[in-house]
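Participant: Sequence first, predicted model second:
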Amino acid sequence: MTKIVFMGTPAFSAPVLRMLVEEGYDVISVVTQPDRPVGRKKVLTPTPVKEEALRLGLPVYQPEKLRNPDELQQVLDMEPDLIVTAAFGQILPSALLEAPKLGAINVHASLLPAYRGGAPIHQAIIDGQTETGITIMYMVDRLDAGDIISQITVPIEKQDHTGSMFDKLSVAGTELLKATLPSIIDGTNPRTPQDEELVTYARNISREQERIDWTRSATAIYNQVRGLHPWPVAYTTFNEANMKIWWAEESSSRKSGKPGEVIELTEDSIVVQTGDGVLAIKDLQPAGKKRMAAKDYLKGPKIQAGDLFE
């Protein structure tokens, strides 16, 4: 039987691992990121993939950096026939990519060669794309540059955000790998080189990308807000303090002002002028406070028409 080492970290990856076990594949070990402190109390928390692996009774290995020779050797000593990765979060050394006789494959959340990198789902939504997808690909020693084995397209609906697309693409990726894996194991799968002229990148989201620029259009800011929801969340500045904007919608208000100006307060939203169009803030989090609906924030005398977000 083909010996598989699975590598993954977030909730996106857990259904892929579960499918491998349910389909009867021989998963000899699960490699995931180390436990990390989470929240204000810094509680040491396992990754979703570790939790799933332990539930399935699989051995777990958590290297800090696979480029460390000692940690790399531990994976090489497992002698896998195939490595399957899904949002693992570390670049694999060449020695590891070349070791398995069937190679190393990745479940990537975009239609390569578009959106190579660590934030393909966030960036596709921020860019206002109406579709994205999953690519099953061979891994090479360049970022997401290997030959394509199979792909499936997934629509991005107007109300979708990064969280909802993670769920949809996790399901799509699991099903695509389930359909593709037999041909990889028996050596009959296609492999198509990527067109380098069509490559785009989706680097990890920077702090600067999270800040709202109110001179941009309402559509662009709406795509930014949903592309960063539910993490890491867009933010603006009000009264010299940061405020997270968890959700907002484009508004049909006919009032106007300068970019960033509060032009109207409704029962459940703060209506703000942008560089082109109007945005209604529905869900927010002031600095040092809990997340709350805009209608609850408006119960206090904290904001009025004419105030300015920066």
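Facilitator: Sure, I can see it. Numbering: from 1, shown residues only.

Participant: Just the buried residues of stretch 74-82, please?
Facilitator: 75, 78, 80-82 (16 or more other CB atoms under 10 Å). The way it works is simple: take the backbone N, C-alpha and C, and place the C-beta from them, glycine included.

Participant: TSV please, covering those residues and showing distance to Q33.
Facilitator: Below are the buried residues of stretch 74-82 laid out as TSV (distance: CB to CB, whole Å):
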residue	distance to Q33
V75	14
M78	18
P80	19
D81	24
L82	21
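
Participant: Redo those as CSV? Include secondary structure, pLDDT and distance to V199.
Facilitator: Below are those laid out as CSV (DSSP: H, G, I helix; E, B strand; the rest coil; pLDDT from 0 to 100; distance: CB to CB, whole Å):
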residue, secondary structure, pLDDT, distance to V199
V75, helix, 97, 29
M78, coil, 97, 33
P80, coil, 98, 29
D81, coil, 98, 30
L82, strand, 98, 26
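
Participant: ok, these vs P48, which is closest?
Facilitator: The closest of these to P48 turns out to be V75 (CB to CB; 20.4 Å).

Participant: what ranges do the helices span in the stretch 101-250 of the chain?
Facilitator: 120-126, 162-186, 207-210, 218-227 (DSSP state H, counting those that start in this stretch).

Participant: Tell me which of those helices is the most buried.
Facilitator: helix 120-126 (a mean of 25; mean count of other CB atoms under 10 Å).

Participant: returning to that earlier point: L44: which of the helices of the stretch 101-250 of the chain is closest?
Facilitator: helix 162-186 (23.6 Å).

Participant: The closest one vs helix 218-227, what angle?
Facilitator: Between helix 162-186 and helix 218-227, the angle formed by their directions is 60 degrees, by axes from the mean of the first three to the mean of the last three CA atoms, to 10 degrees.

Participant: and helix 162-186, what other elements does it pack with?
Facilitator: helix 14-22, strand 82-86, strand 104-108, helix 120-126, strand 131-138, strand 148-155 (3 or more CB pairs under 8 Å, 6 or more residues apart in numbering; DSSP states H and E).

Participant: so what strands line up beside the following helix or strand past the longest one?
Facilitator: Toward the C-terminus, helix 14-22 is succeeded by strand 26-31 as the next helix or strand (DSSP states H and E). For strand 26-31, the paired strands and their directions (DSSP bridges) read strand 3-8 (parallel), strand 60-61 (parallel).

Participant: So for the longest one, mean pLDDT?
Facilitator: Just to be clear, that refers to strand 3-8. Strand 3-8 carries an average pLDDT of 98.

Participant: picking up where we left off before, Q62: which of the helices of the stretch 101-250 of the chain is closest?
Facilitator: Q62 lies closest to helix 162-186 among the helices of the stretch 101-250 of the chain, at 21.4 Å (CB to CB).

Participant: what's the closest non-adjacent residue to L169?
Facilitator: A109 (4.8 Å; CB to CB, 6 or more residues apart in numbering).

Participant: ok and the longest strand along the chain relative to helix 218-227, angle-wise?
Facilitator: Counting by DSSP state E, the longest strand found in the chain is strand 241-251. For strand 241-251 against helix 218-227, the angle by the same axes, to 10 degrees is 120 degrees.

Participant: CA-only coordinates of strand 241-251, as CSV, when you get a sec.
Facilitator: Taking Å, rounded to 0.1, in the frame of the first residue of the first chain, the C-alpha atoms of strand 241-251 are listed here in CSV:
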residue,chain,number,x,y,z
ALA,A,241,-7.7,55.2,17.7
ASN,A,242,-7.9,52.2,15.5
MET,A,243,-11.4,50.7,14.8
LYS,A,244,-11.8,47.3,13.2
ILE,A,245,-14.5,47.1,10.5
TRP,A,246,-15.9,43.5,10.6
TRP,A,247,-18.6,44.1,8.0
ALA,A,248,-19.9,46.8,5.7
GLU,A,249,-22.1,47.0,2.6
GLU,A,250,-22.4,49.3,-0.3
SER,A,251,-25.2,51.8,0.3
